[in-house]
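Participant: what's the 3D shape of this:
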Amino acid sequence: MRLGRRHTAAVIVGVAGLAGAFLLVPDAPEVVTVSPVPGEAAYTSVQEAVDSLGPRGGTVEVHEGTYAERLVLDGRRGVSVQARTGDRVVLDATGTEPPEGLSGVVEVRGGGLVELVGLELRGYRTERTGAVPVGLLVTGSVEGLTVEDLVVRELGTTAGAGSQAHGVAVVGDELREATTDLVLTGAYLSNLSLGEGAGILVDGNVMGWEVTRNRVHQVDHDGIRVSAPDAAPDASAEDPPVPRPRDGLLTGNSVVDVAGATNLAYGPEGCVCAAGLSIAGGLDLTLTDNTVSRADVGIEVRGDGTTGTTEGLDVLENVVEDARHAAMVIGADEAGEGAVTRVLARGNHLRGATTEVMVLLGHGLADTRFSSNDVVVAEPGPVLVQLAGTGPALDHNSYVAPSPVFRLGQREVGELRAWQLLTGEESVSSLRSP
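Facilitator: Numbering: from 1, shown residues only. From the prediction side, this is the model:
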């Protein structure tokens, strides 16, 4: 059949559009496979598979098995390393001695648009103080990193005083270029000997990040920690950078059995200092809908020197149960140990039986409000609220205790009315027996 002019033109336009579409659509990303069984896949080493990808990146699909290797992604972009669906993939560093400084079973050094899915990391241990073993270590300036369903277990340090280890450590150590768009979700971390480290650490120049739906169990120091770097940036530099973690979200995480009693970094008797969620330097952060059970300290918010000022923090709708020392700490133990400003703690549920202090509001606080929280004590003894001094605003809180104790400085009272008169706060709060 002969086409008319209109139909001929339509065909020409359609063919041209189709050709243009083919020209515009990039080649499909490369996919390579890894298996510990020779001949079953293209590679038997995860590192070799990653190194085989070209500059456009691609996907490394890892088959079930144990791989006795570490993995480094140095400046890579557009790379996805993922366990094959339903497969258990273990990177086992047992017997590998960590070098001096930070090192990980898996390391992401700069780059971006990286994805890690379904990997299990284990066995990275040291007895040397200078070595800091990490399950997943992220350094440099990384633009986009998604980590899903990571497992880190049986890892850490037994070096004693001054030692550190981390399950996951995101260290924003580039002062001018932040690590951005980080998502860590669905991780499970257990049986970690951390020294002075943390199960999950977000430290330094990290902007726009989410730590969600992770589980941290049986660790001997902080479960999840957000902190500023130890050293201050050069104050004389033009437009000095902000090295604090900022614009971050912690939500849906579960932290259970966090105890420093056996932590060798604190001597033979350990410490009662391991926090479920610890904020020690940050800007514009949100902690919401997290659960902490059986930690030394449930949630702590502190400043950390001049670089560790914590500013703009919402602590909302979290649950803390059976903390050993304190359910919630906001502020420093001593004056001059860092500032905490613009903090709202609202709608949290704090429950304890043998906790020493349920709520401790310390020094260095400005524009801080503790409002609409439930504080429940099952047995006589715990202090419901301890204030270092006046300043924080308290209102609309509900207290339940058989023998209530409130403390301002060295002065204690046992009735809500006396507490209201002493502090000038809590005018619409309530107190009742269980």
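Participant: from here on, just use CA atoms for contacts and neighbour counts.
Facilitator: Will do.
Participant: at which residues are the helices of the chain located?
Facilitator: Per DSSP state H, the chain carries helices over the ranges 5-24, 46-52, 416-423.
Participant: got the contact list for residue 352?
Facilitator: Residues near residue 352 by C-alpha atoms under 8 Å, 6 or more residues apart in numbering: 321, 322, 323, 327, 358, 376, 377, 378.
Participant: make it 10 Å
Facilitator: 293-294, 320-324, 326-327, 358, 375-379, 382, 384, 401 (C-alpha atoms under 10 Å, 6 or more residues apart in numbering).
Participant: repeat that for residue 401.
Facilitator: Residue 401 sits next to 352-353, 375-384, 431-434 when contact means C-alpha under 10 Å, 6+ apart.
Participant: which one among these sits at the bottom for pLDDT?
Facilitator: Of all these, residue 353 has the smallest pLDDT value, namely 86.
Participant: that one and residue 229: what is the separation?
Facilitator: 36 Å (C-alpha to C-alpha, to the nearest Å).
Participant: with residue 403 instead?
Facilitator: 42 Å.
Participant: same thing with residue 190?
Facilitator: For residue 190 relative to residue 229 (C-alpha to C-alpha), the value is 25 Å.
Participant: list only buried entries from the contacts of residue 352.
Facilitator: Buried by 16 or more other C-alpha atoms under 10 Å: 293-294, 320-324, 326-327, 358, 375-378, 382, 384, 401, out of the contacts of residue 352.
Participant: not counting sequence-adjacent ones, nearest residue to residue 72?
Facilitator: The shortest distance from residue 72 to any non-neighbouring residue, by C-alpha to C-alpha, 6 or more residues apart in numbering, is to residue 107 (4.7 Å).
Participant: please name the residues that touch the one you found.
Facilitator: Taking C-alpha under 10 Å, 6+ apart, one finds 70, 71, 72, 73, 74, 134, 135, 136, 137, 138, 139, 169 in contact with residue 107.
Participant: which one of those residues is nearest residue 153?
Facilitator: Residue 153 lies nearest to residue 135 out of the contacts of residue 107, by C-alpha to C-alpha, at 8.3 Å.
Participant: the closest one contacts residue 105, correct?
Facilitator: Yes: Residue 135 lies in contact with residue 105 (C-alpha atoms under 10 Å); the separation is 5.1 Å.
Participant: joint contacts of those two?
Facilitator: 70, 91, 93, 120, 121, 122, 123, 124, 152, 155, 167.
Participant: could you find the closest non-adjacent residue to residue 409?
Facilitator: Nearest non-adjacent residue to residue 409 (C-alpha to C-alpha, 6+ apart): residue 388, at 5.2 Å.
Participant: what pLDDT does that neighbour get?
Facilitator: Residue 388 carries a pLDDT value of 92.
Participant: just use 39 as the starting number from now, easier for me
Facilitator: Sounds good: first residue 39 from here, last item residue 426.
Participant: wait, doesn't it sit right on residue 444?
Facilitator: No: the criterion here is C-alpha under 10 Å, and residue 426 misses it with residue 444 at 11.6 Å.
Participant: what about residue 164, neighbour count?
Facilitator: By other C-alpha atoms under 10 Å, 23 other residues sit near residue 164.
Participant: what does residue 178 give?
Facilitator: Neighbour count for residue 178, taken as other C-alpha under 10 Å: 21.
Participant: surely it meets residue 148?
Facilitator: Yes: assessed by C-alpha under 10 Å, residue 178 is found in contact with residue 148 at 4.6 Å.
Participant: name the residues contacting each of the two.
Facilitator: In terms of C-alpha under 10 Å, 6+ apart, residue 178 and residue 148 are both contacted by the residues 112, 113, 210, 212, 217.
Participant: bridged to the last one, which residues?
Facilitator: With DSSP bridges applied, residue 217 shows beta-bridge pairing to residue 244.
Participant: what residues are up against residue 163?
Facilitator: By C-alpha under 10 Å, 6+ apart, the neighbours of residue 163 are 131-136, 169-173, 192-197, 203, 230-231.
Participant: what pairs with the closest residue in space to it that isn't next to it in sequence across the strands?
Facilitator: Excluding the flanking residues, the one nearest residue 163 by C-alpha to C-alpha, 6+ apart is residue 194, at 4.9 Å. On the basis of DSSP bridges, residue 194 is bridged to residue 163, residue 231.
Participant: gap between residue 369 and residue 400?
Facilitator: Residue 369 sits 4 Å away from residue 400, going by C-alpha to C-alpha.
Participant: same check, this time on residue 438
Facilitator: Per C-alpha to C-alpha, residue 438 is found 22 Å from residue 400.
Participant: look at these two and report which has more neighbours.
Facilitator: Between residue 438 and residue 400, counted using other C-alpha under 10 Å, residue 400 has the larger neighbour count: 24 against 18.
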